[in-house]
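Engineer: sequence-free structure coming up:
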């Protein structure tokens, strides 16, 4: 007898019994937007399909880990071939060397690379490395920038922390953040010789989307140089998405340390930290800063990453940015016609939404820091999210996430989806 397919509601009910909140990452929860999460059965190109068979045009794209589109045949074939040879060895592989070499060739300022398993591991290692290399304790971060859930970096994090209304996290003792200084984004802070590093999202993509104002990144570079601190770029989102050389290349500012994730694994769990050799050689086994990982350099993740990154050419990014620009323009038009006060923000191949009126009615205004970003109308976003989901378009279930477009989001796909939205008025 054929078993009936589960529904989203039934799976969510079951999930809540065995998984806290029914989700394995808080950003997947629908608490901020209402409703029941859709449970994905499969994905292809720009679409995900839930367990009930419904198709959604996906603007989540695994929060930026997917850039070619879901289940790209060359990526899945590379992963399948790697899996057939074994899924984990606990020993070095050729693909680790090839992926590290590719990252080092592409990323400004990177001579050596250590592969890890997530963006959180990468930023956590970067902070430890900076402290070990400089012999100093303090880390400066920016309010609203999210660098993973390591204790020292959760203070005033964006993304899920903002969506849930949390200032940090219970369970993090004051001692863990005693040497973490939080300052406003897009303002160059004063530093002293106790500062080991400044860590920043060069384009903030976890409090909506906030590009750096002119002179901000350059000012950070100068401020770090003046007191001998390291500048860390968290390029987990921007790396290999804004361009082959990421934000460092786009804004012509070279950090001391770079952190990567998402795109470099072709959709599989991965992270990486890179810097010039003299810094990286502070890591074990050459140096006294310890870092290790059983699954680091996993053969499936490196296979998927190499297959994906082979497509990252200048023409690829030109095509993707053109698609993103067209998507942003069409989305802005749709929002205005549907009666939403909203601003679509673009930086290269990244999009973000700010919901609500501009201060003073200034059409050119966009938020420049965390305080301004948090004035977004979360209730309006919740209405928009529900409306788009009803029409088969999936946005992230939180107002502070970026909108991710892949190369599979062709103009024809976007036009058809937004045309459906035009036919339905979301206003109450």
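Structural biologist: Looks like it came in fine. This structure is a prediction, so every number in the text was calculated from the model and none was measured. Numbering: from 1, shown residues only.

Engineer: Helices of the stretch 1-150 of the chain, residue ranges please.
Structural biologist: For the stretch 1-150 of the chain, helices defined by DSSP state H, counting those that start in this stretch occupy the ranges 8-18, 61-64, 73-83, 94-106, 119-134.

Engineer: of all the ones you listed, which lies closest to residue 362?
Structural biologist: Closest to residue 362 of those, according to CB to CB: helix 61-64, at 29.5 Å. C-beta here means a position set from N, CA and C on the backbone, and glycine is covered the same way.

Engineer: I'd like the mean pLDDT over that closest one, please.
Structural biologist: Helix 61-64 shows a mean pLDDT of 96.

Engineer: swap in stretch 379-398?
Structural biologist: The pLDDT scores in stretch 379-398 average 94.

Engineer: what comes up buried for it?
Structural biologist: Neighbour counts over stretch 379-398 (16 or more other CB atoms under 10 Å) mark 380-389, 391, 393-398 as buried.

Engineer: same deal with stretch 173-188?
Structural biologist: By neighbour count on 16+ other CB under 10 Å, the buried set for stretch 173-188 is 176-177, 179-183, 185-186, 188.

Engineer: circling back: may I see the helices of the stretch 1-150 of the chain organised as JSON lines, with distance to residue 293 added?
Structural biologist: Below are the helices of the stretch 1-150 of the chain laid out as JSON lines (distance: least, CB to CB, whole Å):
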{"stretch": "helix 8-18", "distance to residue 293": "27"}
{"stretch": "helix 61-64", "distance to residue 293": "21"}
{"stretch": "helix 73-83", "distance to residue 293": "18"}
{"stretch": "helix 94-106", "distance to residue 293": "12"}
{"stretch": "helix 119-134", "distance to residue 293": "7"}
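
Engineer: most neighbours per residue, which of these?
Structural biologist: Across the helices of the stretch 1-150 of the chain, averaging neighbours per residue (mean count of other CB atoms under 10 Å) puts helix 119-134 on top, at a mean of 24.

Engineer: Determine the longest helix present in this protein.
Structural biologist: Secondary structure of the chain per DSSP state H: the longest helix is helix 314-337.

Engineer: Show me what it is packed against.
Structural biologist: Here helix 314-337 touches strand 342-347, strand 350-355, helix 411-422, going by 3 or more CB pairs under 8 Å, 6 or more residues apart in numbering; DSSP states H and E.

Engineer: Give me the buried positions along it.
Structural biologist: 316-317, 320-321, 323-324, 326-328, 330-332, 334-335.

Engineer: what angle sits between that helix and helix 411-422?
Structural biologist: Angle of helix 314-337 versus helix 411-422, following axes from the mean of the first three to the mean of the last three CA atoms, to 10 degrees, is 10 degrees.

Engineer: so residue 47 bridges to which residues?
Structural biologist: Applying DSSP bridges to residue 47 gives these bridge partners: residue 44, residue 57.

Engineer: how near is it to residue 351?
Structural biologist: Distance check for residue 47 against residue 351: by CB to CB, to the nearest Å, it reads 18 Å.

Engineer: higher neighbour count, the two?
Structural biologist: Neighbour totals were compared for residue 47 and residue 351, and residue 351 leads with 23 against 20 (other CB atoms under 10 Å).

Engineer: and that one, how far is that from residue 29?
Structural biologist: Residue 351 is 22 Å from residue 29, by CB to CB.

Engineer: After the helix or strand bottoming out on mean pLDDT in the chain, heading C-terminal, what element do we hit next?
Structural biologist: When the helices and strands of the chain are scored by mean pLDDT, DSSP states H and E, helix 160-163 comes last with a mean of 45. On the C-terminal side of helix 160-163, the closest following helix or strand by DSSP states H and E is helix 174-177.

Engineer: Rounded mean pLDDT for that following helix, please.
Structural biologist: The model assigns helix 174-177 a mean pLDDT of 80.

Engineer: quick thing: my sequence starts at 15, can you match it?
Structural biologist: With the count now opening at 15, the last piece we talked about shows up as helix 188-191.

Engineer: So residue 272 is in contact with residue 262, correct?
Structural biologist: Yes - using CB atoms under 8 Å, residue 272 is in contact with residue 262, at 6.7 Å.

Engineer: And these two? Which one has more around it.
Structural biologist: Using other CB under 10 Å as the criterion, residue 272 and residue 262 rank with residue 272 on top: 31 against 25.

Engineer: Go through the helices and strands packed on helix 328-351 and name the closest to residue 305.
Structural biologist: The closest of the helices and strands packed on helix 328-351 to residue 305 is strand 364-369. By CB to CB, the value is 29.3 Å.

Engineer: quick one: buried residues of the closest one?
Structural biologist: Within strand 364-369, the residues that qualify as buried are 364-369, counting by 16+ other CB under 10 Å.

Engineer: Now distance to residue 427 and pLDDT too, for those residues, in CSV please.
Structural biologist: CSV is the format used below for the buried residues of strand 364-369 (distance: CB to CB, whole Å; pLDDT from 0 to 100):
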residue, distance to residue 427, pLDDT
364, 19, 98
365, 15, 98
366, 20, 97
367, 19, 96
368, 25, 96
369, 24, 95
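
Engineer: Let me have the residues you listed in JSON lines, adding distance to residue 145 as columns.
Structural biologist: Listed next are these as JSON lines, based on distance: CB to CB, whole Å:
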{"residue": "364", "distance to residue 145": "30"}
{"residue": "365", "distance to residue 145": "35"}
{"residue": "366", "distance to residue 145": "32"}
{"residue": "367", "distance to residue 145": "36"}
{"residue": "368", "distance to residue 145": "36"}
{"residue": "369", "distance to residue 145": "39"}
